[in-house]
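Engineer: sequence? don't have it. structure:
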C-alpha cells in the first residue's frame, strides 16, 4: 500500500462527518483471555470523556487499539471514519501509561522532535510550560525525577493541536499536587473542538471535569452516559456509583 | 518523514559508534607511526597498541551487533515503540529508518577495521592507496559486470542478514510473554532450517547433475561464456535480492497487521 493509500485507508464515502471515534463489536484477545469483547462506542467532538474501570477492565487495550499499537481480534475501530493509519495518527495525541520517550535525549531535543514530526505541535507553548516548571531545556530526560518525566511527556502531548487526545492513566501514580498540575495542563491546553478520552480509576480527581463517562467492566461496556444525566438518574456522585458498580 | 527518522536514528546510534571509531583510528595511527619512525621498533609499546587494537576491534564487533538488534527491538518493539508507532509515519518508513543506518554502521565498521589493519600492519600500503598512477584498470565489461554484481550481491546479503534478524523479532513480538526469548528461538530455529535446506539443495543438485551450474546454464540455453556470465550475475544478484525481500515483507506484515506492543 502506498503512503497516499495509507493516508486514507478505509475512508468513508459521502459528505456526512463520521464520529470522531467509533468502535463496532470490537474485541481483543490475548491468547485465550478476552481483554475486550463486543465493545460498541461512539465519541462525538468537543467532549471530555472518562474511560473508567478497575485494573484489567480493558481501558489501556481500548486506547492502544485506537492508536494502532495493537490490532483487533474482531470488529473494527475507526477514527474520523478511518481505520488507524498515518492520517489518524496525525489527528490523535496519545499519552501512554508509561514513559515512551528516549531518556537519553534532552528536553529541547524532544520538543524539536515533536515539532519535526507533528505539524500541529506548538513548540513555543511547550517551551513556556517547561519553563513554568523550572526545568532546564538542556536537562536529559533520564536525569529528571519520575514525576517531572511524566509532566514533560504530558506537556509534549497536550501541546499538539490534535482532534482526539487519548490519555492513559495520566494521574495514576503521582502525588495530589502533581494530579492538580496534570488536570490543569489538560484543561488549559486541549483544543475546544477536540475530544479528550481519559482513562483512570481515580474518579474523585476528575469527576468535576468530565462531560461523559464510559464504564468498562471485564472488557465490556457496562454503561455509557453523560455525567449530569447519570448523577440525576442515580442520585449519586460518579465516585459513589463507581464504587457501587465495581465493589469487590 | 523518512529523512527525519533516519537523522534521529543516526543521532541515537552515533553516540555508541563514534567514540570507538575514534579510539580505533588513534591506536592504529599511533602504532603505524611508531613502526614507521622507529628503526629498531619499540616492542613493548607495539605490543600494548596491538593488544588495545584487538580489544577495541572485538568491542566494535559486539557493539555493532548489539546496537543493530537492540535499536530495532527497544525502539520499535519496546516502550519507545509507543512513540514510534504513533508518529505519523508508515511501517515501511519505520523499518527503513532502522535498516539503512544499521547497514551504514555495519559497512562503516568493516571498512574501518580494514583501514586500521592496513595502518597497523603496513603504513606504506595505506599511502599507496592514494597513488592513483599505480591503479591499473585492465578489466573489460565482463570484469566490471562481475565486480559490480559481486559487490551488489554482497551488499544485499548484508542487508538480508539484518532483515532476517528484524523478521525474527517481528514474529517474536506477537507472543504475549517472553517476547525476546521467543525471537531468539525463532532466529535459531529458522537459521537451522535454512541451513539444512541449503545443504539438502546442494546435495540433491549434485546428485541430479555432475556439474549443477553448467546444467543450469544449459537449461537457460546460455551457451556462450558471456551469456553464462550475465546469467550467473543475474542469479547471484536476484537471489540476494530475494533474501532481502522475503524477510522485509514478513517484517512489514507483522508490524502492520499483528503489532502487539506489551
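Structural biologist: Perfect, thanks for sending it. The shown structure was predicted, so the numbers you read here are calculated from the model rather than taken from an experiment.

Engineer: and the helix or strand hosting residue B:182, what does it pack onto?
Structural biologist: Here residue B:182 sits within helix B:179-208, counting by DSSP states H and E. Where contact means 3 or more Cβ pairs under 8 Å, 6 or more residues apart in numbering or on different chains; DSSP states H and E, helix B:179-208 is packed against helix B:141-172, helix B:212-219. From N, CA and C alone the C-beta is placed, and that goes for glycine too.

Engineer: just checking, next helix/strand downstream of the lowest-mean-pLDDT helix or strand in chain A?
Structural biologist: In chain A, the helix or strand scored least confidently by mean pLDDT, DSSP states H and E is helix A:3-7, which has a mean of 42. Using DSSP H and E, the next helix or strand after helix A:3-7 towards the C-terminus is strand A:21-30.

Engineer: Name the residues of that next one that come out as buried.
Structural biologist: Buried residues in strand A:21-30, defined by neighbour count with 16 or more other Cβ atoms under 10 Å in any protein chain shown: A:21-23, A:26-28.

Engineer: Paired strands for it, with orientation please.
Structural biologist: In the sheet, strand A:21-30 lines up against strand A:33-43 (antiparallel), strand A:74-79 (antiparallel) (DSSP bridges).

Engineer: Residue of chain A nearest chain B, please.
Structural biologist: Of all residues in chain A, the one sitting closest to chain B is residue A:100 (3.7 Å; Cβ to the nearest Cβ).

Engineer: doesn't residue A:153 make contact with that residue?
Structural biologist: Yes. If you go by Cβ atoms under 8 Å, residue A:100 and residue A:153 touch, sitting 7.3 Å apart.

Engineer: Could you dump the strands paired with strand A:21-30 into CSV with mean pLDDT added?
Structural biologist: What follows is the strands paired with strand A:21-30, written out as CSV (pLDDT from 0 to 100):
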stretch, mean pLDDT
strand A:33-43, 91
strand A:74-79, 93
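
Engineer: Serialize the ones you listed to CSV and add fields for mean neighbour count.
Structural biologist: Converted to CSV, these look like this (neighbours: other Cβ atoms under 10 Å in any protein chain shown):
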stretch, mean neighbour count
strand A:33-43, 18
strand A:74-79, 19
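
Engineer: Now do stretch A:220-237: distance from first to last residue.
Structural biologist: 22 Å (Cα to Cα, to the nearest Å).

Engineer: So which bits of that stretch are buried?
Structural biologist: Residues of stretch A:220-237 classed as buried by neighbour count (16+ other Cβ under 10 Å): A:220-221, A:224, A:227, A:230-231.

Engineer: what does it contact?
Structural biologist: Here stretch A:220-237 makes contact (Cβ atoms under 8 Å, 6 or more residues apart in numbering or on different chains) with A:36-41, A:50, A:53, A:58, A:207, A:210-216, A:238, A:241, A:244-245.

Engineer: Helices - which of these land there?
Structural biologist: Mapping the contacts of stretch A:220-237 onto helices (DSSP state H) picks out A:238, A:241, A:244-245.

Engineer: Now residue A:117: phi and psi?
Structural biologist: Main-chain torsions, residue A:117, degrees, to the nearest 10: phi -100, psi -30.

Engineer: How much space separates residue A:79 from residue A:85?
Structural biologist: 9 Å (Cβ to Cβ, to the nearest Å).

Engineer: Next: residue B:151.
Structural biologist: Distance, residue B:151 to residue A:85, using Cβ to Cβ: 38 Å.

Engineer: okay, those two: which has more neighbours?
Structural biologist: More crowded of residue B:151 and residue A:85, by other Cβ atoms under 10 Å in any protein chain shown: residue A:85, with 21 against 11.

Engineer: tell me the mean pLDDT over stretch A:156-175?
Structural biologist: For stretch A:156-175, mean pLDDT rounds to 88.

Engineer: so how far is the first residue of that stretch from its last?
Structural biologist: 20 Å.

Engineer: Repeat that for stretch B:68-87.
Structural biologist: End-to-end distance (Cα to Cα), stretch B:68-87: 21 Å.

Engineer: how about the helices of chain B, start to end?
Structural biologist: Counting by DSSP H, the helices of chain B are B:2-37, B:43-72, B:81-84, B:91-121, B:123-129, B:141-172, B:179-208, B:212-219, B:225-257.

Engineer: closest to residue A:157 out of the ones you listed?
Structural biologist: Nearest of the helices of chain B to residue A:157, taken as Cβ to Cβ: helix B:81-84 at 10.4 Å.

Engineer: List phi and psi for the spatially most central residue of chain A.
Structural biologist: In chain A, the C-alpha nearest the mean C-alpha coordinate belongs to residue A:166, at 1.4 Å (Cα atoms, centre = their mean). For residue A:166, the backbone dihedrals are phi -110, psi 110 (criterion: degrees, to the nearest 10).

Engineer: From residue B:87, how far out is it?
Structural biologist: Look at residue A:166 and residue B:87: by Cβ to Cβ, they are 15 Å apart.

Engineer: sorry, back to before: residues contacting the residue nearest to the centre of chain A?
Structural biologist: So residue A:166 contacts A:63, A:66-67, A:92-95, A:197 (Cβ under 8 Å, 6+ apart).

Engineer: are any of those residues buried, and which?
Structural biologist: Here, 16+ other Cβ under 10 Å leaves A:63, A:66-67, A:92-95, A:197 buried among the contacts of residue A:166.

Engineer: same for chain B: which of those are within range?
Structural biologist: Here is what survives when the buried ones among the contacts of residue A:166 are matched to chain B using Cβ under 8 Å from any Cβ of the partner chain: A:67, A:92, A:94.

Engineer: Enumerate the residues of chain A near chain B.
Structural biologist: Going by Cβ under 8 Å from any Cβ, the residues of chain A near chain B are A:3, A:6, A:30-31, A:64, A:67-71, A:86-87, A:89-90, A:92, A:94, A:96, A:98-102, A:104, A:113, A:116-118.

Engineer: Show me what the host helix or strand of residue A:157 is in contact with.
Structural biologist: In the assignment (DSSP H and E), residue A:157 maps to helix A:146-158. Here helix A:146-158 makes contact (Cβ under 8 Å, 6+ apart) with A:93-95, A:99-101, A:103, A:107, A:110-111, A:114, A:121, A:126, A:129-130, A:133, A:135, A:141, A:144, A:165, A:167, A:170, A:174-175, A:178, A:181-182, A:185-186, A:189-190.

Engineer: cool, and stretch A:240-248?
Structural biologist: Taking Cβ under 8 Å, 6+ apart as the rule, stretch A:240-248 contacts A:52-54, A:201, A:203, A:215, A:217, A:222, A:230, A:234, A:236.

Engineer: Report the residue spans of chain B with pLDDT below the cut-off.
Structural biologist: Within chain B, the set of residues satisfying pLDDT under 70 comprises B:36-42, B:122-139, B:212-213, B:215-217, B:219-223.

Engineer: Give me the most central residue, it.
Structural biologist: Closest-to-mean residue, chain B, Cα atoms, centre = their mean: residue B:158 / 3.3 Å.

Engineer: and the nearest residue to it once chain neighbours are set aside, how far is that from residue B:162?
Structural biologist: Setting aside the residues directly before and after it, residue B:158 is nearest to residue B:106 in space (Cβ to Cβ, 6 or more residues apart in numbering or on different chains), at 6.2 Å. Distance, residue B:106 to residue B:162, by Cβ to Cβ: 7 Å.
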